[in-house]
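For reference, the sequence and a predicted model appear below.
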Amino acid sequence: MVEAVFQMNSRSKVKSFVISGHTESVPADQADPVCAAVSFLAQNSINGIEVLTSDEVRYIADDDGYLEASVPAAERAEESESTDLILDLMVLGLESLAAQYSRFVRVKKVPYNRGGALQ
């Protein structure tokens, strides 16, 4: 299962997130469309912040289905409206996937931890 955990501030805006796991919605020797959709939404959001905003996005990813990202300006509540919109759209897309493929995708929102690390 893929789990996406978003840290939210008091305005319900995303400050950081971790996506981990594999959907395993099809046999291992086949392309997994659900996993591909999760990966696309996450990577497209990071690319969008990097290209379309002046906000910095920091992230680490590996080949085992782990992605952690944060927007440093968000810790100071100085992120752009465009960054907020991009991240809101990612959450919306992942929630839609989770509604349709609840056996394979879970989305969780947690309060923001000022220390920067996800709870």
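Alright, I've got the coordinates.

Off-centre distance for the helix or strand bottoming out on mean pLDDT in the chain?
When each helix and strand of the chain is scored by mean pLDDT, DSSP states H and E, helix 72-75 comes last, with a mean of 84. Offset of helix 72-75 from its chain centre (C-alpha atoms, centre = their mean, to the nearest Å): 15 Å.

in terms of contact count, name the helices or strands touching the helix or strand following that helix.
Scanning forward in sequence from helix 72-75 by DSSP states H and E, the next helix or strand is helix 81-100. Helices and strands touching helix 81-100, by 3 or more C-beta pairs under 8 Å, 6 or more residues apart in numbering; DSSP states H and E, are strand 2-8, strand 14-20, helix 33-52, strand 105-111. (Each C-beta comes from the backbone N, C-alpha and C, glycine too.)

tell me the most buried of those?
Mean neighbours per residue, mean count of other C-beta atoms under 10 Å, is largest over those for strand 14-20, with a mean of 22.

Pairing partners for it, with directions?
When pairing is defined by DSSP bridges, strand 14-20 lines up against strand 2-8 (antiparallel), strand 67-70 (antiparallel).

Pipe the ones you listed into TSV and attach mean pLDDT and distance to residue 108 per row.
TSV is the format used below for the strands paired with strand 14-20 (pLDDT from 0 to 100; distance: least, C-beta to C-beta, whole Å):
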stretch	mean pLDDT	distance to residue 108
strand 2-8	95	5
strand 67-70	96	14
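
coming back round to it: out of the helices and strands packed on helix 81-100, which comes closest to residue 65?
Across the helices and strands packed on helix 81-100, residue 65 has its closest neighbour in strand 14-20 (6.0 Å, C-beta to C-beta).

so which of the helices and strands packed on helix 81-100 comes closest to residue 85?
Per C-beta to C-beta, nearest to residue 85 of these: helix 33-52, 9.1 Å.

elements contacting the helix or strand just after that closest one?
Later in the chain than helix 33-52, the nearest helix or strand by DSSP H and E is strand 58-61. Helices and strands touching strand 58-61, by 3+ C-beta pairs under 8 Å, 6+ apart, are strand 67-70.
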